[in-house]
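In: Provided below for reference: sequence and predicted model.
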Amino acid sequence: MKFALSIVALILVVLIVPFLLPGVGKQDGVDPNSNLPWQIELDGQGGSTVFGLKPGLSTLGDVRRKLGNEVEVAIVAEPDEIGLLEGYYAQVPLGFVLAKVVVTLDASGELISAMRDRALRAKHMESTTRKITLHPDDFVAVDNLPVKAISVIPSVNLDETAVTQRFGVPGERLVVSEKVVHLLYPDKGLDVVVDGDGKELLQYVAPRSFAMLRDPLKAVAGEKAPAQ
């Protein structure tokens with residue numbers, strides 16, 4: 001399964017994120033005006049920083065130091081697939097936004113397969129998707145793995161107008177279906193999935209790695225295009 005489609009499918013089954021209005025999500029010791037989802041810093045060399053993290057460079061250990069130790073690490077897999085190694089936060093303050101966050105780790109198929117062999121148990125998240133708890137011996141090792149992507153889903157529906165007000169005009173608008181559209185920001189390393197019937201999804205990668213989000217979507221769009 002291609003990365004972009006994998007992360008959309010798997011994260012949507014585990015996340016419900018409360019995106020709160022300004023002032024509602026304030027917490028002691030948290031600056032409500034920093035680390036907001038639309039505050040993306042670019043380094044001019046194909047890298048970015050969001051929530052104090054650098055996709056592609058920051059490790060899970062860095063994530064713990066920035067977002068806290070309350071992260072649940074597991075392999076999330078669909079049938080007949082190795083799966084993705086993910087870290088999941090039930091609730092994190094991102095400025096005035098309270099959110100559930102998923103970080104997808106950059107782990108090889110061989111490493112994930114070995115971890116599955118050592119895993120303690122597998123819990124069904126949906127009728128087909130499974131969440132596989134790691135063996136304790138693997139928890140130390142995963143802290144050194146880099147974060148490939150960071151994903152957030154708002155509980156309050158966001159339309160395209162709200163997205164463009166916060167993030168600007170997208171570089172590309174890719175329609176997947178009558179209700180689902182991807183607003184692509186290659187220069188920011190951001191894909192915002194706007195869903196008329198479901199939850200919106202924000203996916204962050206390093207801008208230099210944006211092809212891993214765009215290419216699978218382009219392939220699917222091509223397959224759905226009517227024959228000429």
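Out: Everything's here; your move. Residues are numbered from 1 along each chain as shown.
In: Just give me the residue closest to the centre of the protein.
Out: Against the mean C-alpha coordinate of the chain, by Cα atoms, centre = their mean, the closest residue is residue 151 at 1.9 Å.
In: After the helix or strand that contains that residue, heading C-terminal, what element do we hit next?
Out: Assessed by DSSP states H and E, residue 151 sits inside strand 147-152. Later in the chain than strand 147-152, the nearest helix or strand by DSSP H and E is helix 160-167.
In: what angle sits between the biggest strand by length in the chain and strand 147-152?
Out: Using DSSP state E, we find that the single longest strand of the chain is strand 84-94. With axes from the mean of the first three to the mean of the last three Cα atoms, to 10 degrees applied, the angle from strand 84-94 to strand 147-152 works out at 50 degrees.
In: what pLDDT does residue 224 get?
Out: Per-residue confidence (pLDDT) for residue 224: 60.
In: same deal with residue 146?
Out: pLDDT, read off for residue 146, is 97.
In: Just grab the bridge partners of it for me.
Out: Beta-bridge partners recorded for residue 146 (DSSP bridges): residue 59.
In: check contacts around it.
Out: 56-59, 105-106 (Cβ atoms under 8 Å, 6 or more residues apart in numbering). No exception for glycine: its C-beta is placed from N, CA and C like everyone else's.
In: if we can go back for a sec, so which elements touch the longest strand of the chain?
Out: Judged by 3 or more Cβ pairs under 8 Å, 6 or more residues apart in numbering; DSSP states H and E, strand 84-94 is in contact with helix 3-11, helix 60-67, strand 71-77, strand 97-105, helix 109-118.
In: Could you list the paired strands of it along with their orientation?
Out: If you go by DSSP bridges, strand 84-94 pairs up with strand 71-77 (antiparallel), strand 97-105 (antiparallel).
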